[in-house]
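Visitor: sequence-free structure coming up:
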């Protein structure tokens, strides 16, 4: 799920008052599990049917420490599961600086596309500035 549900369904009661803003990504805590599968040959099962056997390697850890992360981030050809806590800093309608965290998974484009120091579009709850979602 991408952050708070209001970011996905702005018509939900209480979400229509959320305000747009630009935020700076201050840091990202991202962990990955990359599964690489390659065909390794074939075997004949007990019923006489031939089936492909896959050779599988799994890499786990902080994404920037996982072999092949930079390449896979661009190609997206392997199975990736992971999660990231994206820490943001932005200026609210009150003119004050606020911080917030949006949690994403490997199924969200922000998991791959956002990097520390980048600027992202968000929506935030003016009554609770820590509640944010990507626009």
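Guide: Thanks, I have it. Computed from a predicted structure; not experimentally measured.
Visitor: bridged to residue 98, which residues?
Guide: In this entry, residue 98 is beta-bridged to residue 90, by DSSP bridges.
Visitor: neighbours around it, how many?
Guide: 16 (other C-beta atoms under 10 Å). Just so you know, the C-beta spots here come from the backbone N, C-alpha and C atoms, and that holds for glycine as well.
Visitor: distance of it from residue 107?
Guide: Separation of residue 98 from residue 107 (C-beta to C-beta, to the nearest Å): 27 Å.
Visitor: just residue 55 next, same as before
Guide: 25 Å.
Visitor: pull the residues that contact stretch 99-108.
Guide: With contacts defined as C-beta atoms under 8 Å, 6 or more residues apart in numbering, stretch 99-108 is touched by 1-4, 23, 26, 32, 80-90, 110-111, 122, 124, 129-134.
Visitor: buried stuff in it?
Guide: 100-102, 104, 106, 108 (16 or more other C-beta atoms under 10 Å).
Visitor: most widely separated two among those residues?
Guide: Spanning the widest gap among the buried residues of stretch 99-108 are 100 and 106, at 21.1 Å by C-beta to C-beta.
Visitor: okay, and the helix or strand of the chain with the least pLDDT?
Guide: Counting by mean pLDDT, DSSP states H and E, the chain has its least confident helix or strand at helix 69-75, which shows a mean of 67.
Visitor: the helices in the chain, which residues?
Guide: For the chain, the helices defined by DSSP state H occupy 69-75, 110-113.
Visitor: can you pull the buried residues of the shortest one?
Guide: Residues of helix 110-113 classed as buried by neighbour count (16+ other C-beta under 10 Å): 110-112.
Visitor: where in the protein is pLDDT low?
Guide: Within the chain, the ranges that satisfy pLDDT under 70 run 1-16, 36-43, 45, 52-54, 66-79.
Visitor: circling back: closest one of the buried residues of helix 110-113 to residue 62?
Guide: residue 111 (13.4 Å).
Visitor: how about the contacts made by the closest one?
Guide: So residue 111 contacts 30, 82-84, 104-105 (C-beta under 8 Å, 6+ apart).
Visitor: make CSV out of those residues and add distance to residue 47.
Guide: Formatted as CSV, these follow (distance: C-beta to C-beta, whole Å):
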residue, distance to residue 47
30, 44
82, 38
83, 40
84, 44
104, 43
105, 38
